[in-house]
Structures are given as C-alpha cells and as structure tokens.
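>>> what's the 3D shape of this:
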Amino acid sequence: MIEDKTPVLGKKRSGFFVLGIGKPDRWQKARPDPEFSKRDDNNKGSSFELIIDALVFQLYFPDHMKEKEIDTMKFVEQDLKEVLGEDDFEQLPDEQKENIVEELHKRWSTPDSEIVKRMNSFAEKSPDILKPILESK
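Sure thing, here's the model as predicted:
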C-alpha cells in the first residue's frame, strides 16, 4: 500500500482549521455583543487570531472578498501604518511594543471598527463560501 503524503490544507491552527474545516467557535465572539466588548487581557490573542483568520480568507478568496466588500487587509495595513509609523517593531523597546499591541488590540476588538464590521458580515455577504466555512463542525 502506498502512503498518501499529500499536504492537508485543513491543518488545525489555534482552534480553527484553515479553509474552514472545523468549528470556528471564536468567530461567534467577534459579533458586537456585550461579551465581545468586555474582552480583557486574557482574550487579547483572540482578537489577533480573528484578524489573522480574516487575512487568510482574503489570501484564499481575494476577488470574492473585494467584490463582496468584506476584505480586511487594507484596513489592517492602515492601522499598522498609523500605529507603527516607520518604526521597525523588532527594534523597539519592550514597553513601546506593549503599547503598540495594546493599541492594535483596542482597534481590532471595538465593535465599530470597520474590520470587525466586515468580519461580522462574512456569513451574510458570503453565504456560499465563508458561511459554510464559519459554520462547519
């Protein structure tokens, strides 16, 4: 018997499978509800994971995301430029890095953020592609 060594694109990463194979529990937390707006330092990584997932979706479905106006990359890039400026993150002192992370977390976990609004509309605006990924179990 020949062993199949085909790479699997559905590798689990932080509780979510790339290409949506698996249950994306944390996407439910992205909705602008009281639980979402009360996030504390323990949930900081969660907002960054949501952003990463949104960017991965855009890498896989760039035309679809732009067509449906749910692309997020330009807003992430804009926030990074505003917060970091021309600085090289790796060269900054730890205190300044912490401030940058805190500012990005604040921007990316606020319900009125354009990024959060777009992520919250993924299932509605993309019922044939993103909704099945987000609802898969």
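
>>> what's the longest helix in this structure?
When the chain is parsed with DSSP state H, its longest helix is helix 44-60.

>>> give me the buried positions along the next helix or strand after it.
Sequence order places helix 62-67 as the next helix or strand after helix 44-60, per DSSP states H and E. By neighbour count with 16 or more other CB atoms under 10 Å, helix 62-67 contains the buried residues His64, Met65. In this view, the C-beta of every residue, glycine as well, is placed from N, C-alpha and C.

>>> and for the next helix-or-strand element following helix 62-67, what's in contact with it?
Following helix 62-67 in sequence order, the next helix or strand is helix 73-84 (DSSP H and E). Contact with helix 73-84 is made by Ile51, Ala54, Leu55, Gln58, Ile100, Glu103, Leu104, Arg107, Trp108, Glu114, Ile115, Arg118, as judged by CB atoms under 8 Å, 6 or more residues apart in numbering.

>>> again, only using 10 Å
For helix 73-84, contacts defined as CB atoms under 10 Å, 6 or more residues apart in numbering pick out 51-52, 54-55, 57-59, 62, 65-66, 89, 92, 96, 99-104, 106-108, 113-118.

>>> what's the distance between the nearest residue to Leu130 once chain neighbours are set aside and Glu69?
Distances taken as CB to CB, 6 or more residues apart in numbering place Phe122 nearest to Leu130, at 4.3 Å, with adjacent residues excluded. Going from Phe122 to Glu69 by CB to CB, to the nearest Å gives 11 Å.

>>> again with Pro93
39 Å.

>>> just the pLDDT at Asn42, thanks.
With respect to pLDDT, Asn42 has a value of 48.

>>> and Leu134, by the same measure?
88.

>>> same question for Ser47.
Ser47 is assigned a predicted lDDT (pLDDT) of 83.
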